[in-house]
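Novice: Sequence and predicted structure are below.
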Amino acid sequence: MTLLSATGLQTVYGEGCSRCIESTGDRAGTNQCPHCGSVVACAEADLSVREGEVLGIVGESGSGKSSLAEQLALERDPDATTTGMVDYDGYDGNLLAVDYETRHDLRTSDIALVHQHIRDGLNPEFTGGGNVAEKLLSAGWRSYEDVRDRVQELFEATEIPVDRMDDPTSTYSGGMQRRVQIARALATDPELVVLDEPTTGLDVSVQARVLDMFRQVQREEGVACVVVSHDLGVVRLLADRTLVMRHGRIVESGLTDRVMEDPHHEYTQTLINSVI
Ligand SMILES: Nc1ncnc2c1ncn2[C@@H]1O[C@H](COP(=O)(O)OP(=O)(O)OP(=O)(O)O)[C@@H](O)[C@H]1O
C-alpha cells in the first residue's frame, strides 16, 4: 500500500521568474535559470513510497537530492520557493501545507530524518542515550524507566555498546554517532525514515557495517525509507526502487536492479560506468 505520494515537488533558491522551470533541467543542462539566476534545486518531481519499501535517490552533488529529501521529511517551511503536493496515508490534504503543530507531531512520531551532517542531528554535549531520550520525551514519554528501557533496546538494535549510553556523544566515534542518529530516528517507531547520505564522513569499513545494520533494522521494523546518496553502492545495497536525479529533475526511475543492470538514461549509464 502507498504510504506517501508526492507530485510536483519543487524548491527554488532565489527570487524565481516565470521562465525558471522551462529554462532549467536535464535538457537545459543546468539547474540555474539564465534569466533570473535562481537555482531550481528540484522541480516536477513525482514519486511514491510504499509501506516498508526503501526508495533510493541517487545523483551527483548538486543534483537536488537533499532539497527533495528535506521536503519529504517536512524539514522545509512551506513558502513560495517550496511547493508541491504530498499525500500521506492517514492525513487529509497536502502534507506540505499542514500547520506548525501538525508538522511537529508528524516529525516526532511518523516521519524521521537522519541528517547528512551529524552536527545537524545530534547535540554533542548530550550523552548518546540523552540524544535518543530527547526524541522520546518530545513525543510525550514521561516514565524514566520506560525511556531508559527503550533507549537500551535501540542501542542494542543499532549495535551501539550499551555501556557507553551515559557518555557524551562527542566522545563517540563517527560510526557510533551515525548509529545514535539512526537510533534516535527509529525511537518512536516512525512509518518513514529519510536518510540523507548515510555514509558521509565514515571510513569505508565503518560504512559497510552501518549500512548492514540499517538494512537489518529496516527489515525487522518494516519501516519505509528514502535513502539519498551520491554513492550508487549505497542505493544498490539498500533500495528496492531507485530514482536518478540530474540538474534538479528525476531523469530515471525503476526497480533498483533494473536501473543498475539496464539503465535507460544516458546519464544513469555514465554514473554506473564510472563506478565499474
Ligand atoms: N540555501 C541554498 N541557497 C542557494 N542555493 C542552494 C541552497 N541549498 C542548495 N542550493 C543549491 O541547490 C542545488 C541542489 O542542492 P542539493 O543540496 O539539494 O543537492 P544534492 O544533490 O543534495 O547535493 P549534495 O549531495 O552536494 O548535498 C545546488 O545547486 C545547490 O548549490
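Specialist: Cool, got the structure. Numbers count the residues shown, from 1 in each chain.
Novice: where's the residue nearest to Gly222 when sequence neighbours are not counted relative to Thr83, distance?
Specialist: Leaving out its chain neighbours, the residue that sits closest to Gly222 by CB to CB, 6 or more residues apart in numbering is Gly52, at 4.5 Å. The C-beta positions use only the backbone N, C-alpha and C, and glycine is treated the same way. The gap separating Gly52 from Thr83 is 29 Å, by CB to CB, to the nearest Å.
Novice: For Pro78, report the pLDDT, please.
Specialist: Here the pLDDT value assigned to Pro78 is 69.
Novice: Can you tell me the SS state at the most centrally placed residue in the chain?
Specialist: In the chain, the centroid-proximal residue (CA atoms, centre = their mean) is Val194; its distance is 2.6 Å. When classified by DSSP: H, G, I helix; E, B strand; the rest coil, Val194 comes out as strand.
Novice: Distance check, it against the ligand.
Specialist: 12 Å (CB to the nearest ligand atom, to the nearest Å).
Novice: Kindly report the same for Gln10.
Specialist: 12 Å.
Novice: Pull the number of nearby residues for that residue.
Specialist: 22 (other CB atoms under 10 Å).
Novice: go on, Arg179?
Specialist: If you count neighbours by other CB under 10 Å, Arg179 ends up with 25.
Novice: residues from this protein in reach of the ligand?
Specialist: Proximity of the chain to the ligand (CB under 6 Å from any ligand atom) is limited to residues 13, 31, 39, 41, 59, 61-67, 230.
Novice: Quick check, Leu74 in contact with Ser109.
Specialist: No: using CB atoms under 8 Å as the test, Leu74 is too far from Ser109 to be in contact (11.8 Å).
Novice: Looking at the two, which one has more neighbours?
Specialist: In this view Leu74 and Ser109 are compared by other CB under 10 Å, and Leu74 has more residues nearby, 22 against 17.
Novice: and the more buried one, which of the three is it?
Specialist: The three-state label given to Leu74 by three-state DSSP is coil.
Novice: Contact partners for it?
Specialist: 95-96, 103, 106-107, 111 (CB atoms under 8 Å, 6 or more residues apart in numbering).
Novice: So, low pLDDT: which residues of the stretch 51-200 of the chain?
Specialist: 78, 80 (pLDDT under 70).
Novice: I am finished for the moment; much appreciated.
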